[in-house]
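Novice: The following comprises the amino acid sequence and a computationally predicted model.
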Amino acid sequence: MRTIEFKTDKVLFSRGDELSNIYYIMNGEAIIDINTKKYSITNACLGEWLLIDMPSQETVTVKNGTKLLEFSIEEMRLLDRESDILMKIFKSVTEKLLYYDEILSRGVDTQKAMETFFDLHEKYIIKTSDTVEKFNSVKLSLKMGNVSQAEKIFSSIDRSGLDSDFQDEYEVLKITVKFFKDRFEAVELFNELDSHSFSKRLSYQYLQQLISGGKNTLINLYGTSGIHLPSKTLIIIEGEEDERKGYLLLKGNLKVGRYSSGVQKLMSIIQKGEIFGESAIFSKPTRLATVFTDMPCDIIPLSSETIKAMLKEDFELGLRIIRNQLKRVSFVNELVSYLQIKDKEERIKVIVEKFIARFVEAGVTVTELASLCNVNIVELKQITDAHGIKINSIGKFTIE
């Protein structure tokens with residue numbers, strides 16, 4: 001670990017360079033050049049690509065008078081205890097994602113986006129639906145120690161109107177509420193659950209942790225403030241003014257799109273372990289894109305205070321989240337570069353070869369992928385057929 005002072009402007013590292021250390025800007029500023037877009041940062045970190053063993057995806061120039069602290073990954077563990085270095089790295093990665101958001105998201109019209117989305121996606125609900133809100137209110141009441149209020153809200157849930165997925169969530173939540181009133185009866189009810197059917201549910205894992213006294217940070221956070229969403233849920237609509245919070249996706253896959261122009265435009269995919277909507281945490285409460293899911297998923301709302309506490313409590317968890325975010329930056333960076341390929345056939349071929357497994361896992365349809373590649377469906381199917389990629393009866397890709 002050492003301090004470096006710069007007497008003149010200097011390129012610290014360039015795009016494609018292998019990195020051996022990370023840097024923290026103690027004072028001064030650096031200019032980030034990523035795909036010819038330049039922006040200035042202060043009180044932040046540089047060289048985070050080392051955390052995922054990737055060459056730098058950007059060129060960094062340090063300005064005259066700047067002082068940097070240089071350190072290795074091993075030294076970072078000691079440094080974080082005093083300086084919240086993980087939070088600074090997380091903020092730096094968020095700046096990179098915001099750059100891509102602004103490239104892909106121009107001209108937001110919330111009303112038009114909402115109308116277009118529901119025209120194209122029938123029977124979808126919004127994340128603030130009555131059932132989801134009641135489940136969340138029960139959790140919040142338990143978190144605040146108000147068990148009687150939790151019981152009252154829980155009793156107002158109409159179980160007959162729940163699908164099979166939420167029927168199981170209902171069973172787990174019922175026992176969770178019971179736990180705070182009669183632990184012994186709750187344990188008996190818990191033991192009656194079919195662990196094979198329930199064990200993959202995060203709500204079940206939280207209840208199990210309550211009973212056993214476990215201390216998994218993410219499971220505890222999910223159990224007290226996480227949200228279980230059914231399939232076909234609209235989570236974020238572009239242009240809306242939201243609270244200063246993002247979300248951590250713990251289970252499932254999400255799609256990111258744009259609808260303001262009156263047509264559907266798939267932009268990206270969010271995978272388990274990634275944070276989305278993160279720009280609102282630090283700077284931009286206006287949502288730049290629409291996020292939705294075709295499958296049940298679990299998310300945790302995150303404010304800057306929640307993230308800071310989480311990173312402080314569990315360094316390894318924080319490191320894992322940042323690495324996931326860096327991989328997402330790398331994915332979006334790669335995708336943006338491929339979308340700029342002028343030849344349609346080459347563009348489709350490269351995107352299909354590189355990312356089809358990710359699209360299949362997220363349940364991307366042929367219409368959505370065609371919109372991403374900026375081609376028509378016939379052109380897309382010619383390439384996917386040539387690669388042995390089939391389309392099922394509901395227009396989604398499968399790999400044989």
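Specialist: Noted; the coordinates are in hand.
Novice: Going by C-alpha atoms from here, please, whenever you check contacts or count neighbours.
Specialist: Will do.
Novice: residue closest to the middle of this protein?
Specialist: Ile275 (2.6 Å; CA atoms, centre = their mean).
Novice: What residue, apart from its backbone neighbours, is nearest that one spatially?
Specialist: Nearest residue to Ile275, sequence neighbours excluded (CA to CA, 6 or more residues apart in numbering): Leu248, at 4.3 Å.
Novice: Neighbours of Val353, how many?
Specialist: Check again: residue 353 is Glu, not Val. Neighbourhood size, Glu353 [other CA atoms under 10 Å]: 12.
Novice: Now for the residue nearest to the centre of the chain: which residues touch it?
Specialist: Gly246, Tyr247, Leu248, Leu249, Ile321, Gln325 (CA atoms under 8 Å, 6 or more residues apart in numbering).
Novice: mind running it again at 7 Å?
Specialist: Listed by CA atoms under 7 Å, 6 or more residues apart in numbering, the contact partners of Ile275 are Gly246, Tyr247, Leu248, Leu249, Gln325.
Novice: before we move on, what about Arg183?
Specialist: By CA under 7 Å, 6+ apart, Arg183 has no neighbours at all.
Novice: which residues does Ala30 bridge with?
Specialist: Per DSSP bridges, the residues bridged to Ala30 are Ile41, Val62.
Novice: pretty sure it contacts Ser40?
Specialist: Yes: counting by CA atoms under 7 Å, Ser40 is a contact partner of Ala30 at 5.8 Å.
Novice: These two: which has the busier surroundings?
Specialist: Between Ala30 and Ser40, counted using other CA under 10 Å, the more crowded position is Ala30 (26 against 13).
Novice: Can you mark which positions in the lengthiest helix in the chain are buried?
Specialist: Counting residues, the longest helix found in the chain (DSSP state H) is helix 315-339. Buried residues in helix 315-339, counting neighbours by 16 or more other CA atoms under 10 Å, are found at 317-319, 321-333, 335-336, 338-339.
Novice: Report the angle between the very next helix or strand once past that helix and helix 315-339.
Specialist: Using DSSP states H and E, the next helix or strand after helix 315-339 towards the C-terminus is helix 344-362. Computed with axes from the mean of the first three to the mean of the last three CA atoms, to 10 degrees, the direction of helix 344-362 lies at 150 degrees from that of helix 315-339.
Novice: Which residues does the helix or strand hosting Tyr206 contact?
Specialist: Using DSSP H and E, Tyr206 falls within helix 202-212. For helix 202-212, the external contacting residues (CA under 7 Å, 6+ apart) are Val172, Thr176, Phe198, Ser199, Ile219, Asn220, Gly223.
Novice: one more time with 10 Å
Specialist: The contact list for helix 202-212, computed with CA atoms under 10 Å, 6 or more residues apart in numbering, reads 168-173, 175-177, 179-180, 183-184, 186-187, 190-191, 193, 195, 198-199, 213-216, 218-224, 226-228, 250-251, 298.
Novice: next helix or strand past it?
Specialist: Defined by DSSP H and E, the subsequent element after helix 202-212 is helix 217-225.
Novice: for that following helix, packing partners?
Specialist: helix 130-143, helix 202-212, strand 246-251, strand 297-302, helix 304-313 (3 or more CA pairs under 10 Å, 6 or more residues apart in numbering; DSSP states H and E).
Novice: Which among these is found nearest to Ile351?
Specialist: strand 246-251 (24.0 Å; CA to CA).
Novice: neighbouring strands for that closest one, and are they parallel or not?
Specialist: strand 275-276 (antiparallel), strand 297-302 (antiparallel).
Novice: now the last one: how far from the chain's centre is it?
Specialist: Meaning strand 297-302. The chain centre lies 9 Å from the centre of strand 297-302; the measure is CA atoms, centre = their mean, to the nearest Å.
Novice: Taking helix 202-212 as reference, get the angle to that strand.
Specialist: 70 degrees.
Novice: what's the spacing between Lys127 and Asn253?
Specialist: 15 Å (CA to CA, to the nearest Å).
Novice: what's the answer for Leu317, then?
Specialist: Counting by CA to CA, the gap from Leu317 to Asn253 is 20 Å.
Novice: what residue ranges in the stretch 51-200 of the chain score low on pLDDT?
Specialist: 80-83, 101-107 (pLDDT under 70).
Novice: The contacts of Ile275, buried ones only, as a PyMOL selection?
Specialist: Per 16+ other CA under 10 Å, the buried members of these correspond to this PyMOL selection:
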select buried, resi 246+247+248+249+325
